[in-house]
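Novice: Output the structure for:
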Amino acid sequence: MQKLIDYFFKLLEFLVVACLVAMVIMVFGNVVLRYGFNSGIDISDEMSRYCFIWLTYIGAMVAMREKGHLGVDTLVLRLSLNGKKLCYFLSEVMMLGCNLLFLLGTWKMHELQVTNVSTVVGISMIWVYGIGYVVGFVMSVMNVNQLYKLLTGQLKEEDLIMVVESEDVVDLNAQTPDSRSHA
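Specialist: As a prediction, this is how the structure comes out:
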């Protein structure tokens, strides 16, 4: 099962790259056509916007799995183990609630988006905003999985910190060559 999940997220990463490449090609190509040949491709701007929407939502799912979203852990680091567990539980429950609201909102807007047709491309807008179903469902499953792991004691204390340290953190205790020479 874990292998299937890994393949799914590899597919999502590929889709992020594909959306980014498509955006670059469409926008750059249109700029060259406009300034070089005084023409352009009508659907380029609209399709690049749609790719950006998908890229954003798909990237959010990948970032959630990798704990790549922004967070502040200053308070949580100072709490006891039970305090960390409580904060983790509350955070996951609130995220689950938001994801379920997102899913419900996409469902309620479904009929409107099916009948709403894009101006230039002429496709139903559910193809653009229907990504809300995927995002809401996948992220909700991820939240439920983390809650299950927490409640069954499968998480270690370091897993309860929901942010990953940045690679460019400055170590204020490290001595520079200048500070050693003055000591």
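Novice: How much space separates the nearest residue to E13 once chain neighbours are set aside from L86?
Specialist: Leaving aside its sequence neighbours, E13 sits nearest to V62 (C-beta to C-beta, 6 or more residues apart in numbering; 5.8 Å). Placement of C-beta: from N, CA and C, glycine included. From V62 across to L86, the span is 28 Å (C-beta to C-beta, to the nearest Å).
Novice: and if you look at A18?
Specialist: Taking C-beta to C-beta, one finds A18 at 41 Å from L86.
Novice: Give me the phi and psi for L70.
Specialist: When read as degrees, to the nearest 10, the backbone of L70 gives phi -70, psi 150.
Novice: what's the helix or strand for D45?
Specialist: helix 42-65 (DSSP states H and E).
Novice: How far off centre is whatever helix or strand comes next after that helix?
Specialist: As assigned by DSSP H and E, the chain's next helix or strand after helix 42-65 is helix 74-77. Distance of helix 74-77 from the chain centroid (C-alpha atoms, centre = their mean, to the nearest Å) equals 23 Å.
Novice: which helices and strands does the helix holding D45 pack with?
Specialist: Counting contacts by 3 or more C-beta pairs under 8 Å, 6 or more residues apart in numbering; DSSP states H and E, helix 42-65 is packed against helix 2-37, helix 126-129, helix 131-151.
Novice: Could you export the ones you listed as TSV, including mean neighbour count and distance to Y57?
Specialist: Output for those, formatted as TSV (neighbours: other C-beta atoms under 10 Å; distance: least, C-beta to C-beta, whole Å):
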stretch	mean neighbour count	distance to Y57
helix 2-37	13	10
helix 126-129	18	10
helix 131-151	17	5
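Novice: what's the closest of those to C98?
Specialist: Among the helices and strands packed on helix 42-65, helix 131-151 comes nearest to C98, with 8.6 Å by C-beta to C-beta.
Novice: show me what contacts L103?
Specialist: Contacts for L103 were tallied using C-beta atoms under 8 Å, 6 or more residues apart in numbering; they are 132-133, 136-137, 140.
Novice: do you know how far the residue lying closest to M47 once chain neighbours are set aside is from C19?
Specialist: Excluding its sequence neighbours, the residue lying closest to M47 (C-beta to C-beta, 6+ apart) is M26, at 5.9 Å. M26 sits 11 Å away from C19, going by C-beta to C-beta.
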